[in-house]
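In: I'll drop the sequence and a predicted model, then ask my questions.
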Protein chains: 2
Amino acid sequence: MKPEPVEPELSPAEICRSVGEVLDQIGDKWTVLVMRTLAAGPIRFNELARRVPGVSRKMLTATLRRLECDGFITRTQIPTRQSWVEYALTQLGRDLLGPITVLAEWAFANRGRVLEARARFSERS
Amino acid sequence: MKPEPVEPELSPAEICRSVGEVLDQIGDKWTVLVMRTLAAGPIRFNELARRVPGVSRKMLTATLRRLECDGFITRTQIPTRQSWVEYALTQLGRDLLGPITVLAEWAFANRGRVLEARARFSERS
DNA sequence: CCGGATCCAATCCGATACTG
DNA sequence: CAGTATCGGATTGGATCCGG
C-alpha cells in the first residue's frame, strides 16, 4: 500500500534534505512514542497521556497538533455529554511507521555493539 | 553484511525503547548530516566543517565526540608537521546509514503528501 | 474530559576569542 | 590545523493554574 517503489537512487543532497526534514518532524522527544501508542488503534487524549509514560499534557497537546498538521493523525470530536476527542493514525501515519520500525529493529539488534563501543571509549579515555 | 536478519517480531515496548534510544543518538541537528558527509570517505575536521553547511566548530566537535563514543566513527591522529585528524565511519556507522536511508527515501517519496496535509490543515483552521 | 496560558528552569547552540 | 572556553540568546519542556 506504499505509494510507489520510486527511483531507488537518490542524490546525497536529496538524502540530506529529506532526512533533515523528517527528523525535524519526528526526532523530538515524544512524537514516535505517541505514534507507536496510536498504532494499537484510536484512543482518547487522557488515555493516551496515561499510556505514554512521563509526557505532560502540554507536550502531548503540542505533539498531537503537529502530527495532525502534518497529516499523520486525525483528531475527531465525538459530542457526548462529556468532552470526547479521539486520535487515530491516518494512512500516511501508518506508512511512516514502516521506516521507523526498520530503524527501531536495527537499534534493537545492534544495541550490544553500541554498548561495547561505549565501554571501550570510556576505558580508553 | 548486516549482523543478522534477527527475529522479525519485536514487542511494542521494545520498539519504543529502541527507537527512543536511537533517536536520542541521531535525532539532533547535525549527527545525520555529519554521517552522510563521512559516507563519501575519511575526511579531516576543517574539511568536514566546510562540507556541512552552517555547523559551528563547537557543535561539530560535540557531534563527532558522541559518534566516536557510540562507535559510529573513528578519530585518527596522523602525526605530520601540521596537526592532522581524520574521521571515518566504522562498519557500525555504515550499517546505521542503511535504516537512515530508508527513512530519507520515504520522506522524499512522501513529501508531497505532507505538504498537502499542511495546506488542508491551515485552510481548515 | 480536553485542553490553553503562563511561568520558569534546563538545555541547546551560535558567536567570539583563545590555545597547542 | 584542530580544537577549547566562555557568554548569551533562543528553544525545550515541566509544573501549575485556568477555562469550556
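Out: In hand now; what should we look at?
In: contacts, neighbours, all on C-alpha from now
Out: Will do.
In: residue closest to the middle of chain A?
Out: Centroid-nearest residue in chain A, with Cα atoms, centre = their mean: A:Val32, separated by 2.3 Å.
In: any idea which element it lies in?
Out: Counting by DSSP states H and E, the element that carries A:Val32 is helix A:31-38.
In: If you average the pLDDT over that helix, what comes out?
Out: If you average the pLDDT over helix A:31-38, you get 94.
In: which stretches of chain A form strands?
Out: A:43-44, A:73-77, A:85-89 (DSSP state E).
In: could I get those strands as JSON lines with distance to DNA strand D, mean neighbour count and mean pLDDT?
Out: Shown next, in JSON lines, are these (distance: least, Cα to the nearest atom of the strand, whole Å; neighbours: other Cα atoms under 10 Å in any protein chain shown; pLDDT from 0 to 100):
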{"stretch": "strand A:43-44", "distance to DNA strand D": "13", "mean neighbour count": "17", "mean pLDDT": "96"}
{"stretch": "strand A:73-77", "distance to DNA strand D": "11", "mean neighbour count": "16", "mean pLDDT": "95"}
{"stretch": "strand A:85-89", "distance to DNA strand D": "10", "mean neighbour count": "20", "mean pLDDT": "97"}
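In: Now render these as CSV, adding distance to chain B.
Out: CSV is the format used below for the strands of chain A (distance: least, Cα to the nearest Cα, whole Å):
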stretch, distance to chain B
strand A:43-44, 16
strand A:73-77, 10
strand A:85-89, 13
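In: follow-up on the earlier one: list the contacts of the residue nearest to the centre of chain A.
Out: A:26, B:16, B:19-20 (Cα atoms under 8 Å, 6 or more residues apart in numbering or on different chains).
In: just A:Pro42 next, same as before
Out: By Cα under 8 Å, 6+ apart, the neighbours of A:Pro42 are A:86-89.
In: repeat for A:Phe72
Out: A:89-94.
In: What are the phi and psi values at it?
Out: A:Phe72 has phi and psi values of phi -90, psi -20 when expressed as degrees, to the nearest 10.
In: quick one: it from B:Thr31, how far?
Out: 25 Å (Cα to Cα, to the nearest Å).
In: Ok, A:Asp28 next?
Out: 14 Å.
In: which one of these two has more residues nearby?
Out: Between A:Asp28 and B:Thr31, counting by other Cα atoms under 10 Å in any protein chain shown, B:Thr31 is the more crowded of the two (20 against 16).
In: correct me, but that one touches B:Arg65?
Out: No. B:Thr31 is beyond contact range of B:Arg65, at 10.6 Å (criterion: Cα atoms under 8 Å).
In: Contacts made by stretch A:86-99 with the rest, please.
Out: Here stretch A:86-99 makes contact (Cα under 8 Å, 6+ apart) with A:2, A:35-36, A:38-39, A:41-45, A:71-78, B:99, B:102-103, B:106, B:113.
In: let me fix that: stretch A:112-125
Out: Residues beyond stretch A:112-125 that count as contacts (Cα under 8 Å, 6+ apart) turn out to be B:68-71, B:92.
In: for that stretch, the distance to its chain's centre please.
Out: 28 Å (Cα atoms, centre = their mean, to the nearest Å).
In: tell me the average confidence for that stretch?
Out: Taken as a whole, stretch A:112-125 has an average pLDDT of 91.
In: Return the set of buried residues in that stretch.
Out: For stretch A:112-125, a neighbour-count test (16 or more other Cα atoms under 10 Å in any protein chain shown) marks A:114, A:117-118 as buried.
In: Restricted to helices, list the residues you listed.
Out: A:114, A:117-118 (DSSP state H).
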